[in-house]
Structure formats: structure tokens, C-alpha cells
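**Student:** Task: produce atomic coordinates for the following.
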Amino acid sequence: MLIAARSQAQTNTPIFISFTNSTGDYITNAEVTKVLPNKLYYEIPSGGGCVRMDALPESERAQFNYDPYAANQADTDDALKKIHVNEAEKQRVIAFEKRTMQQAQQSANENAFNDLLNARVEMHRVQIVGTVVEIGPDGLVINPSRENQPDMLLQGINLPVGASVYMDAYRIGNYKIDEETTEFGSTVISYYNVYTTDFSAARQFYYKSVMDQFTGKKQPSASSTNSLAWPK
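**Tutor:** Numbers count the residues shown, from 1 in each chain. Here you go, the predicted model:
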């Protein structure tokens, strides 16, 4: 609400006032740029500002038809506006904190899941010692140096036939190599234990089972029984 008395628009001439501001500085020849019931805005060569109507000398207030009741209502309106602004800011801060907490929880969950997945992969790490006896379509067939240990399939590395193998690898399941029916009608299936030297490939292999455990869909088994058709 603008005060209509002696405004620049009415007189077509600037209005100047002089007063002492809240810091004790005496302001002279301040040009009035906007008048409200409870305050006015002004400009001076060094800048500008706002001064309350009730802080002006009576001689200056009079020319703007100062009404203390209208000024009090304007103060109330300003306070209500500030409350609305503060409430909006409060809601913005609450939303930001909630979003931050969710992100932190997600990050914590991701870290916990990765720790569990890495532990599962490490649980299946073994030392492979043997000789490459065949290069198959799904990896290297390794004849172990240890007695009474079946051949195994090793992926993630290229070696020639006859090469010695002495390295860590991760078990990633079984690979069916043969199936036959005995004279008694039973079926005998032969498997390779399958290993990979690629830690990322092992993580990918165990990802679903660990995710199911992490989300509570199933409990971890004592040993891996996953069958495999894994690329080289």
C-alpha cells in the first residue's frame, strides 16, 4: 500500500528528506523512491536504504500522511510474510535433510552389499596348480598336479597346451561335460569344476545370489551348486 500524499508522481518533482538512521548517521537530502505505511525507501549518492516511518522526525513524517494504525497493520503483514517465508525455508531444509539421509543410507547399503559380495567371491578363491591339457570352447582344461583331483575348467586367461599353471582363481560353479545312462537305467553326469582368474567375472557370477541374501529373499547355502555356461 503506497501513501498518496506528495509523491513524486503527484508533484512531478523529487521528494527529499533528512533523518538520523539506526546507526546514528545523519542522512541529508535522501531522495524518496517508494513510500509504504510503515517505511519508505530512499536513495543517496553513496547508495540507498529503507527507514521506518516512526523513526523519521515528526516534520518529515507529516508530509507522507503517516497513520500509526496503517503502519501497525503493515508491520503485521510483513511479519506474516516472514513466517510464510520461514516455513517455506524450513520445509526446504527438511526435504534436503531427508534426501541427504536417503542418499547416505543408499550409499551405506551399497557399501554393505559390495562388502558381502566381495567376501562371497573371496570365499571361493583357491590356488590352481596343474597343467593345461586342452583348450576348449569354454576355457582351459587343467589337469591338477594333486593326486585324485579331477580335471577342471579355467577361464579368464589364455595359455598354450602344456603350460604350467600356478595361480589363484575363483570357483564359479560347475560345467557339464558328459551324460550317460548305465545298464541299470540310471544317469551319470560328469562335471568340471569351473574357475576364473577374473575377479569381476566372479562378482558377476555371485551377484544374484548375494543380492537375494542381502534383500532377505533366501539364506546363503553352505557351498555353491550353480551350474555354468560361462563365456571364455
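**Student:** Go through the strand or helix carrying residue 213 and flag the buried ones.
**Tutor:** Using DSSP states H and E, residue 213 sits in helix 199-214. Residues of helix 199-214 classed as buried by neighbour count (16 or more other Cβ atoms under 10 Å): 199, 201-203, 205-206, 209-210, 213. For the C-beta atoms, the positions are set from N, CA and C on the backbone; glycine is no exception.
**Student:** and what of stretch 95-113?
**Tutor:** Buried residues in stretch 95-113, defined by neighbour count with 16+ other Cβ under 10 Å: residue 113.
**Student:** try stretch 63-73
**Tutor:** Buried positions in stretch 63-73, judged by neighbour count with 16+ other Cβ under 10 Å: 64, 66, 70-71.
**Student:** Next: stretch 57-64.
**Tutor:** 60-61, 64.
**Student:** Just say helix, strand or coil for residue 113.
**Tutor:** Secondary structure, DSSP: H, G, I helix; E, B strand; the rest coil: residue 113 is helix.
**Student:** Which per-residue confidence value corresponds to it?
**Tutor:** pLDDT, residue 113: 89.
**Student:** Show me where this structure dips below the pLDDT cut-off.
**Tutor:** Residues of the chain meeting the criterion pLDDT under 70: 1-12, 85, 183, 217-232.
**Student:** Work out the gap between stretch 81-100 and the centre of the chain.
**Tutor:** On the basis of Cα atoms, centre = their mean, to the nearest Å, stretch 81-100 sits 20 Å off its chain's mean C-alpha point.
**Student:** and what of stretch 197-210?
**Tutor:** 25 Å.
**Student:** Including distance to residue 192 and secondary structure, could the buried residues of stretch 63-73 go into TSV?
**Tutor:** TSV is the format used below for the buried residues of stretch 63-73 (distance: Cβ to Cβ, whole Å; DSSP: H, G, I helix; E, B strand; the rest coil):
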residue	distance to residue 192	secondary structure
64	97	coil
66	97	coil
70	93	helix
71	92	helix
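**Student:** Domain map for this protein?
**Tutor:** As recorded under automatic domain parsing, the domains making up the chain are 8-66, 68-121, 124-214.
**Student:** helices or strands next to whichever strand or helix holds residue 51 in the packing?
**Tutor:** Under the criterion of DSSP H and E, residue 51 resides in strand 47-52. When contacts are defined as 3 or more Cβ pairs under 8 Å, 6 or more residues apart in numbering; DSSP states H and E, strand 47-52 packs onto strand 26-35, strand 39-44.
**Student:** what ranges do the strands span in this protein?
**Tutor:** 16-20, 26-35, 39-44, 47-52, 125-136, 139-144, 152-155, 164-181, 187-196 (DSSP state E).
**Student:** export the ones you listed to JSON lines and tack on distance to residue 94 and mean neighbour count?
**Tutor:** As requested, those are arranged in JSON lines below (distance: least, Cβ to Cβ, whole Å; neighbours: other Cβ atoms under 10 Å):
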{"stretch": "strand 16-20", "distance to residue 94": "42", "mean neighbour count": "15"}
{"stretch": "strand 26-35", "distance to residue 94": "35", "mean neighbour count": "15"}
{"stretch": "strand 39-44", "distance to residue 94": "32", "mean neighbour count": "18"}
{"stretch": "strand 47-52", "distance to residue 94": "31", "mean neighbour count": "13"}
{"stretch": "strand 125-136", "distance to residue 94": "47", "mean neighbour count": "15"}
{"stretch": "strand 139-144", "distance to residue 94": "55", "mean neighbour count": "20"}
{"stretch": "strand 152-155", "distance to residue 94": "52", "mean neighbour count": "24"}
{"stretch": "strand 164-181", "distance to residue 94": "46", "mean neighbour count": "16"}
{"stretch": "strand 187-196", "distance to residue 94": "48", "mean neighbour count": "18"}
